[in-house]
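Q: Next comes the sequence, and after it the predicted model I'd like to discuss.
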Amino acid sequence: MSLQDDDDEINFRTRKWVRPEDLNANGTLFGGSLLRWIDEEATVYAIIQMGNRKVVTKYMSEIDFVSSAQLGDIIEMGLKATAFGRTSLTMRAEVRNMITRVPILTIERVVFVNLGPNGHPSPHGYNTITYARDRIPEP
């Protein structure tokens, strides 16, 4: 379960611009849109870390919406791997306003499972975080 990552901070790598189609009836960012963006970003991260295009979201812990985003805001999403299991990867997710750094949402645990050719959980063989592209699976 060694992660070998010197940085305890979450890396904010993806940014989104809040547009009119992302708003709810109150004129703020619709939570469903934000969760879709997080799940997509976490899926890409899981694919890279586990070296397999066939990964699925298994679990999301309590989702804590601490503030909202408005039309025109730029938000940034960050993920941090916290544990490798035999067939899984657990991460923490945060979203914040890119300009003000005000937190918008936190999810303490997002778990992805690596799937084999039969669609069942399969060992991925990793226990460290990578930032290299050598784990990206061939098409």
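A: Structure's in. What do you need?

Q: Contact partners for V55?
A: By CB atoms under 8 Å, 6 or more residues apart in numbering, the contact set of V55 is T43, A46, I47, L89, F112, V113, N114, L115. Where C-beta positions appear, they are placed from N, C-alpha and C, glycine not excepted.

Q: quick one: secondary structure of the third one?
A: The assignment at I47 comes out as helix when based on DSSP: H, G, I helix; E, B strand; the rest coil.

Q: quick one: it and H124 touch, right?
A: No: using CB atoms under 8 Å, I47 is not in contact with H124; the gap is 10.6 Å.

Q: okay, those two: which has more neighbours?
A: Taking neighbours as other CB atoms under 10 Å, I47 and H124 compare with H124 leading, 24 against 19.

Q: pLDDT wise, what is D6 at?
A: What the model reports for D6 is a pLDDT of 44.
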